[in-house]
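>>> After the sequence you'll find the predicted model.
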Amino acid sequence: MKTIDRRKLKVCLIGCGDMGAFHARAIRQNPNVSELTLSDANALRAQHLAQELDASWLSLDDAFSGLAFNAYFIVSPPAAHLAQATCAANTGAYVFCEKPLGEDLASIDSAMPALRSYKDRIQVGFNRRFDPHMADLKARIAAGAIGQVEQLRIVSRDHTPPGVGDLKNSSGLITETTIHDFDLCRWLLDDEMSKVMCMGGALINPEYETLGHIDTATTLLQGSRGQQVVIQNSWRTSYGYDQRVEAFGSGGRLTVANPSGPLVLQEDAGGLCRKRIAPDWLVRYQEAYVLQAASFLDSVAQGTTVTPNLNDGYLASFLAEKAAEALRSGRSVSCDTD
């Protein structure tokens, strides 16, 4: 593939909400981006962010009109991801698409024939892979530091639950939160899952249930080699953004704890702790987002294959669909992709 002068990358970002603004700031920190253009269904929002970041802006109608962008970042609501990613890929550009690829597996399946030919240049936004702590854990597992991994436990709990009104554009806890953990377990174990069980409910806010949402879930998976995976998710803690991973193997245990300096002595709203953990994902994964953007833009400049790619995005959504099926049925569900 053709290489590009690293200092002359032209990038267009679609979607200027909170997540889009976070991505845009990470892109702006990259010295190889010469032009950043922003677009949003709400033109005023794009204009305001463009002014803050000394960027230009386009209407959404003009974003895919043949302008010579090297890369697109799709950070719009999930319902728009597939159509916008397809339009962006059709221009010949590289595409970064936030997770999930689509609202449900059926819509993703419908779009895959058009997207497969672009799979090497469509990256999906699983930022945890770029967190230095998670990358260190992955490297140690791969090097055999604890032998064969037998059990993996992932804890992912948000600090503040979403407002009921925020759920109108949400695909839900499993599709938008647990999906990160599905990708994480596949990546850490370098394996596919064979079956899944899931239990969940609206334990924080019963009103969520009236909208078809849950706010708390525990998911159990089994890898193809028999490894056991436990994923615990919640939309609320009283003590900060709780992100932990433990890998247990035949030769020991590896843990990624919450970065907090001195040990947390008690984890409750009024508890004694010398230093609180990160309050939200903006703080906890700030470095990961910068490194994620840098990795993607390096692939754009060098004309190389991106990672995590389209297939990783599909398989994470596949596991989310199977977990949702297990939640509805109350039974173990096969994750066989054949």
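That came through, no problem.
>>> hey, let's count contacts and neighbours off CA atoms from now on
Will do.
>>> Now do the contacts for the residue nearest the centre of the chain.
With distances taken as CA atoms, centre = their mean, the residue of the chain nearest its centroid is F126 (3.4 Å). Shown in contact with F126 (CA atoms under 8 Å, 6 or more residues apart in numbering): E98, K99, H180, D183, P308.
>>> now do 7 Å
Taking CA atoms under 7 Å, 6 or more residues apart in numbering, we find F126 in contact with K99, H180.
>>> same check, this time on N70
N70 touches L9, K10, V11, A93, Y94, counting by CA under 7 Å, 6+ apart.
>>> Could you rerun that using 8 Å?
Contacts of N70 (CA under 8 Å, 6+ apart): L9, K10, V11, G92, A93, Y94, V300.
>>> where does M197 fall, helix, sheet strand or coil?
Using DSSP: H, G, I helix; E, B strand; the rest coil, the structure places M197 in strand.
>>> pretty sure it is in contact with L319, am I right?
No: at 10.6 Å, M197 does not count as touching L319 under the criterion of CA atoms under 8 Å.
>>> more crowded one of the two?
Neighbour count, other CA atoms under 10 Å: between M197 and L319, L319 has more, with 28 against 22.
>>> Give me the residues contacting whichever helix or strand the more buried one is part of.
Using DSSP states H and E, L319 sits in helix 310-329. Helix 310-329 has contacts (CA under 8 Å, 6+ apart) with 99-101, 104-105, 108, 116, 119-120, 122-124, 174-175, 178-180, 182-183, 196-200, 219, 332-335.
>>> Using PyMOL, define a selection of the buried residues within the residues you listed.
Selection of buried members from the contacts of helix 310-329 for PyMOL, criterion 16 or more other CA atoms under 10 Å:
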select buried, resi 99+100+101+104+105+108+119+120+122+123+124+174+175+178+179+180+182+183+196+197+198+199+200+219+332+333+334+335
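>>> just how off-centre is stretch 97-104 within its chain?
Centre-to-centre, stretch 97-104 and its host chain are 9 Å apart (CA atoms, centre = their mean, to the nearest Å).
>>> for the record, mean pLDDT for that stretch?
When pLDDT is averaged along stretch 97-104, the result is 94.
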